[in-house]
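> Curious how this folds, go ahead:
(chains A and B)
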2 protein chains.
Amino acid sequence: MIGKEIDRLIKIVAKLPSLGPRSSRRIVLQLLKKKESSMLPLIEALTAVAQNVKTCEICGNYDTISPCSICCSDKKDNALLCVVQDVSDLWAMEKVSLFKGKYHVLGGVLSALDGIAPEDLNIEGLLHRIRKQEIKEVVLALPATVDGQITTHYLLSKLKETEVKVTTLAQGIPMGAELDYMDEGTLQLAFNSRKLL
Amino acid sequence: MIGKEIDRLIKIVAKLPSLGPRSSRRIVLQLLKKKESSMLPLIEALTAVAQNVKTCEICGNYDTISPCSICCSDKKDNALLCVVQDVSDLWAMEKVSLFKGKYHVLGGVLSALDGIAPEDLNIEGLLHRIRKQEIKEVVLALPATVDGQITTHYLLSKLKETEVKVTTLAQGIPMGAELDYMDEGTLQLAFNSRKLL
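Prediction:
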């Protein structure tokens, strides 16, 4: 006896990541209760994003312009390039504004299980950028998973043909961590990579 | 360096119930990735709901018509009326289709802490319905909290003036529950209301 339109909206919202049928019902009810202050602004913001946001033709970021504002920025060092798996990683780095170079979004990592081969990722675009632009250092900031490390090694073998310096993020104990809560792999890795004080 | 439009959408989505900045970013990224299959249907469904769904003038339910399809239905017993706190409770009951009567949404419960007085709830509408229609039984299905019970007693005192039969949902041990996981209040209540077999 729930209306057709409402039911359809609940089903669509329930499919979004981190949501399910129950939280979707709560969200739709909240939107219905606060139509003016919540539903209409959401529709407006979604429509603006759907109409204006595109994928940057150079790095793969989402922005209203292409090339995106990071690729166009003159505050960003053209000689530094950070390779990330996904736009979310790019956003995470930009949020703490720790990297002064530009980015390249691969769009995933190699995975035998999920059937993701090199041609499914934006690797050609990366090699093209390195050949064309004056890039001195490429930081491979891929996830510290098995698939991520396989992708890092694959990219390293591809980048050896160029003259570019290739680095990757340091691995070890994260800030504020208790040693006895760390997994064996991380402990061993941090021990093997120990540094002289 | 995240675009203005995207940032605005992330902030709006993060304010929805059960979401925060991190899950909001994940949702917006998913919508951007699957524009055709996810973002556009969502905008369409939201717009349809915003344009067509209204509050039922009789019971307070949300539907595309007012009076709503439950109030208009001839399969629902006019002599039975179930009083609930919120539309979500009405939906929960309709989902298992256990109640054969009609509903009345109060829009909340009395609360000294939140400053919710009888005039903030749709109590006048309830009394009006009972006076006007031929209602034989009113089921008070309000939450089993202190505020809910205070509201139940307040409504009972108001309904004493009418000739209607007033009932409330049974309280006790929920289905499938282990006794040693039950709180003291529920155990005592179930013991005091024990039934002859």
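> Who are the contact partners of the residue nearest to residue A:38 when sequence neighbours are not counted?
Among residues not flanking residue A:38 along the chain, residue A:31 sits closest, at 5.5 Å (CB to CB, 6 or more residues apart in numbering or on different chains). For every residue, glycine as well, the C-beta is placed using N, CA and C. Counting by CB atoms under 8 Å, 6 or more residues apart in numbering or on different chains, residue A:31 touches A:38-39, A:42, B:16, B:46, B:49.
> Just give me the closest of those to residue A:180.
residue B:16 (38.3 Å; CB to CB).
> ok, that closest one - how many residues close by?
21 (other CB atoms under 10 Å in any protein chain shown).
> If we ignore the residues flanking it in sequence, what's nearest the residue nearest to the spatial centre of chain A?
For chain A, the residue nearest the mean C-alpha position is residue A:86 (2.6 Å; CA atoms, centre = their mean). Excluding the flanking residues, the one nearest residue A:86 by CB to CB, 6+ apart is residue A:105, at 6.5 Å.
> Next, work out how far apart the one you found and residue A:98 are.
17 Å (CB to CB, to the nearest Å).
> the more surrounded of those two?
Neighbour count, other CB under 10 Å: between residue A:105 and residue A:98, residue A:105 has more, with 25 against 8.
> pretty sure the more buried one is in contact with residue A:122, am I right?
Yes. Using CB atoms under 8 Å, residue A:105 is in contact with residue A:122, at 6.7 Å.
> Common neighbours of these two, please.
residue A:60.
> So residue A:25 sits against residue A:10, correct?
Yes. Judged on CB under 8 Å, residue A:25 makes contact with residue A:10 at a distance of 5.7 Å.
> residues in contact with the residue nearest to residue A:86?
By CB under 8 Å, 6+ apart, the residues touching residue A:105 are A:59-61, A:84-87, A:90, A:122.
> Which of these fall in helices?
Residues of the contacts of residue A:105 located in helices (DSSP state H): A:87, A:90.
> Show me which of the contacts of residue A:105 is closest to residue B:195.
residue A:86 (58.4 Å).
> and the helix or strand encompassing residue A:147, what's its mean pLDDT?
Using DSSP states H and E, residue A:147 sits within helix A:146-159. The average pLDDT for helix A:146-159 rounds to 94.
> Just confirm yes or no for the longest strand along chain A near chain B.
With secondary structure taken from DSSP state E, chain A has its longest strand at strand A:77-84. No. Strand A:77-84 lies out of reach of chain B by CB under 8 Å from any CB of the partner chain, never closer than 12.6 Å.
> Next, the buried residues of that strand.
Buried residues in strand A:77-84, counted by 16 or more other CB atoms under 10 Å in any protein chain shown: A:80-84.
> okay if I get those as CSV plus pLDDT?
Listed next are the buried residues of strand A:77-84 as CSV, based on pLDDT from 0 to 100:
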residue, pLDDT
A:80, 93
A:81, 94
A:82, 95
A:83, 95
A:84, 95
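> Including distance to residue B:147, could those go into JSON lines?
Output for the buried residues of strand A:77-84, formatted as JSON lines (distance: CB to CB, whole Å):
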{"residue": "A:80", "distance to residue B:147": "58"}
{"residue": "A:81", "distance to residue B:147": "58"}
{"residue": "A:82", "distance to residue B:147": "53"}
{"residue": "A:83", "distance to residue B:147": "55"}
{"residue": "A:84", "distance to residue B:147": "49"}
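> ok, back up a step: what score does the residue nearest to residue A:86 have for pLDDT?
For residue A:105, the pLDDT comes out at 96.
> what do you get for residue A:1?
pLDDT, residue A:1: 64.
> for chain A, what spans make up the helices?
Under DSSP H, chain A gives helices at A:4-14, A:21-33, A:40-52, A:69-72, A:87-95, A:123-132, A:146-159, A:184-192.
> got a markdown table for these, with distance to residue B:180 too?
Below are the helices of chain A laid out as a markdown table (distance: least, CB to CB, whole Å):
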| stretch | distance to residue B:180 |
| --- | --- |
| helix A:4-14 | 35 |
| helix A:21-33 | 27 |
| helix A:40-52 | 45 |
| helix A:69-72 | 58 |
| helix A:87-95 | 44 |
| helix A:123-132 | 59 |
| helix A:146-159 | 44 |
| helix A:184-192 | 37 |
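> Looking at the ones you listed, spot the one closest to residue B:115.
Short answer: helix A:21-33, nearest of the helices of chain A by CB to CB, at 18.0 Å.
> Distance from the closest one to the middle of the chain?
29 Å (CA atoms, centre = their mean, to the nearest Å).
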